[in-house]
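# Below: sequence and its predicted model.
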Amino acid sequence: MVDTQLDREAWLARKPVRSPEMEQAIFGGDVGEAADLALDEINPLNPHLFREHRWHEHFARLRREDPVHLNELGSSGRYWSVTSYDDVRQVDGDWKTYSSADGITIGPKTNGPQPETVGGAATSFISMDPPDQTTQRKTVRGISAPSSLRNLDDLIRERTVGVLDSLPEGETFDWVETVSIELTTLLLATLFDFPLEDRHKLTWWSDVVTSIPQPGALVENGAEQRAEIRKCLEYFEGLWEERRESPGFDLVSMLAHGEGTKDMPASAHLGNIFLLIVGGNDTTRNSMSGSVYGLNKYPDQYSKLIVDPSLVNNLVPEIIRWQTPLSYMRRTATRDTELGGKRIRKDDQVLMWYLSANRDEAMFGDNADAIDLERANADRHLSFGYGIHYCMGSRLAELQLRILWEEILQRFERIEVQAEPERTFSSFINGYTNLPVQVARKR
């Protein structure tokens, strides 16, 4: 994903098709409520909608009135917001018509995979089509094989118990930093065989590469972002050389020795490294945080879970559906085509809004916006994508969330949210930066 993120300054500087005021409204300023906007003014890309948690009605209106919705900006050209379940699934399942090779986040056409982009970062296999996508993905697929998950189960549970047992009682703390980030980063470091004492670098790099540079943010401009990415590359180059000499069962070793990837330098795999970091960090940690927030928002469901802990098995897919940690993925049309009665031109960008598809009433019923631990089809969610890019770490993410709640239910009467969370300033990552909670232990 770094290819389009790093080019953000360049393409934002291009002459706009719409007015500067509209550009500002969509990417850098406030927007009104969906009901107050003309249909052609609705554009859910504005990160303010996500930080302020106001995106719901914008997507609901698009699903009702214009489920394949065109916008156009000078910064990124024509792009379609696809918001219904069936249409998103159709796009994701047709890689020949809707290609990933020009990037997975909003941005300009890159004319296919590039050996290097701004900052020296290469594209990842999620930004490829077969056969290259198949070859590189296969190299690291073993990390999520059933045998690997069985080996990780005890380690995940041991670490989860350790973190939960250390939580303070009767005082407010940040669940995101103390629990969600700590647990996902510990596991991510294990998957990379990354030095545990440096594990928080992984969280930092994940946040940096998915952030929007702006004053007061993690990185204030593209130059700072590229500098941090170079630090990541330098660190992994050292690990790369170590694993060439002494391989293990870890993601770096798999890339360094895989049949289709062993002759590539570490720099050519930085896109894959970031893909694996973000996939193993942002997504799971935001599901963990979302589960606590969501069950507090729907206390009747929390009570059901306490009475019947076996509902954890239903909780996992339902929370992943309800939270949808990655809001969308982009595809680029390889030919003129039609979708939902609209003519899609060759080279148009098509945004598959998983977050909206997972709230589609036609699939999940009139209560699609709510958490329902008895929802019969929760596992039909599209949070992990569909088709050739289906998340290979899905079972690992589910395992972490299941173990977390199994151990929570054994230890705590309740986890009580103390105030509304602070949310990520991003239309791509649907996440939390702070969630104040208190815990009450069982006696």
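Perfect, I can see it now.
# Name the residues of the helix or strand harbouring residue 274 that are buried.
Taking DSSP states H and E as the definition, one finds residue 274 inside helix 270-297. Neighbour counts over helix 270-297 (16 or more other C-beta atoms under 10 Å) mark 270-296 as buried. Yep, even glycine has a C-beta here, placed from its N, CA and C like the rest.
# now swap in stretch 293-312 and tell me
293, 294, 295, 296, 298, 301, 302, 304, 305, 311, 312.
# What lies in contact with it?
315, 319, 322-323, 370-374, 402, 405-406, 409, 414-417, 421, 432, 435 (C-beta atoms under 8 Å, 6 or more residues apart in numbering).
# Tell me which stretches of this protein form strands.
Remark: strands assigned in the chain by DSSP state E are 68-73, 77-82, 98-99, 173-174, 328-333, 337-339, 342-344, 349-353, 412-417, 422-423, 432-434, 436-441.
# Now do the helices in the stretch 51-200 of the chain.
56-65, 85-92, 132-140, 146-165, 175, 182-192, 200-210 (DSSP state H, counting those that start in this stretch).
# What of the stretch 301-443 of the chain?
Going by DSSP H, counting those that start in this stretch, the stretch 301-443 of the chain shows helices at 312-323, 354-357, 361-364, 394-411.
# Save these as CSV, and put in distance to residue 174 and mean pLDDT too.
Conversion of the helices of the stretch 301-443 of the chain to CSV gives the following (distance: least, C-beta to C-beta, whole Å; pLDDT from 0 to 100):
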stretch, distance to residue 174, mean pLDDT
helix 312-323, 18, 98
helix 354-357, 24, 98
helix 361-364, 31, 98
helix 394-411, 16, 95
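# for those helices, which one sits closest to residue 54?
Between residue 54 and the helices of the stretch 301-443 of the chain, the tightest spacing by C-beta to C-beta is seen for helix 354-357, at 13.0 Å.
# who's in contact with the closest one?
44, 55, 59, 62-63, 83-85, 87-89, 324, 326-329, 363, 382-383, 385, 430.
# now stretch 183-194
Contacts of stretch 183-194 (C-beta under 8 Å, 6+ apart): 143, 152, 155-156, 159-160, 163, 195-196, 198-200, 202-203, 239, 243, 248, 250-253, 276-277, 280-281, 284-285, 288, 396, 400, 404.
# Type out the PyMOL command that picks the buried ones from those residues.
Here is the PyMOL command that picks out the buried ones among the contacts of stretch 183-194, judged by 16+ other C-beta under 10 Å:
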select buried, resi 143+152+156+159+160+163+199+202+203+239+243+250+251+252+253+276+277+280+281+284+285+288+396+400+404
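# ok so, going back, pick the most buried one from the strands of the chain.
Greatest average neighbour count among the strands of the chain goes to strand 349-353 (a mean of 27), per mean count of other C-beta atoms under 10 Å.
# Could you give the average pLDDT over it?
For strand 349-353, mean pLDDT is 96.
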